[in-house]
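Trainee: Got a sequence here, can you model it:
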Amino acid sequence: MTILTRFVFKKNTFALGFFISLMGTLPLGYLNVIGLQILLEKGNWAATSFIFGIVAVEFFVLKIAAYGAKWLVEQKKLLLFIDIFTIVFFSSIAIYFYFNIGNEKNFSLSQLQLIQFPFVLGLALNSFNFMQWPYWSGMYLYLFRTEKIKPKTNQNNIFIMGALLGTFAGMMLFAQTGNYFLIDKKAAIGKYLNLIFTFLFLGLAFIQFINLFWKRRKVNII
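Mentor: Coordinates of the predicted model:
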């Protein structure tokens, strides 16, 4: 990461934003999984609209994080609350799916009223994605300190444009790739959706718990 940002993206702020956002978007996450399921159930237009909702919220997150990055990363209690909330949030969803594993009717996004408005669904879900605040704040601090981006300049706007396109491209790539491999197995995988979502959100909660434990341990050592 450091080598790439030092040499490859030294003078291309747009590409730097695209790369950072793309790499942050591609790993398995609940927004990607939901985007994939929307594509499987509702088609390309709905999935595209959902991702635009995600990107719309991220635009404001990036704008605010660029100005308040230093303040946010210094708010230890706020960051602790975000970590704990995320663990509880993921664990609660995992528990919900766990107790519905034996049900004949598996979870489907069609059961949600907001699925009729995928853009609004994207807005709502990404508004509760509190993990992006410390991520982008930390990223901005690194970029400002290493002078990859100069604060309060047009460079930041160009970086944001690249980051938003990177998020859109990453989520669409994940959804289309998943659709390609699952297109002939929709009926079969539908039987295991509750189980899949249980392990997905349980794993995300566990990862967040490990991150919280590691950060607290690091602070105590220092």
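Trainee: list the helices and strands the strand or helix carrying Phe168 packs on?
Mentor: Using DSSP states H and E, the secondary-structure element containing Phe168 is helix 154-182. With contacts defined as 3 or more Cβ pairs under 8 Å, 6 or more residues apart in numbering; DSSP states H and E, helix 154-182 has these neighbours: helix 13-25, helix 30-42, helix 44-73. To be clear about C-beta, it is placed using only N, CA and C from the backbone, and glycine gets the same treatment.
Trainee: OK, contacts around Thr48?
Mentor: By Cβ atoms under 8 Å, 6 or more residues apart in numbering, Thr48 lies in contact with Met172.
Trainee: Would you mind measuring from it to Lys42?
Mentor: Relative to Lys42, Thr48 is positioned 10 Å away (Cβ to Cβ, to the nearest Å).
Trainee: And for Phe159?
Mentor: Distance from Phe159 to Lys42, by Cβ to Cβ: 32 Å.
Trainee: Neighbour count: those two, which is higher?
Mentor: Phe159 (27 against 17; other Cβ atoms under 10 Å).
Trainee: was I right about the more buried one contacting Gly17?
Mentor: Yes. Assessed by Cβ atoms under 8 Å, Phe159 is found in contact with Gly17 at 4.0 Å.
Trainee: residue ranges with poor pLDDT in this protein?
Mentor: Within the chain, the ranges that satisfy pLDDT under 70 run 1-11, 27-28, 70, 72-76, 78-79, 96-97, 100-114, 183-194, 215-222.
Trainee: Is Ile160 in contact with Phe14, as I believe?
Mentor: No. Assessed by Cβ under 8 Å, Ile160 is found out of contact with Phe14, at 9.5 Å.
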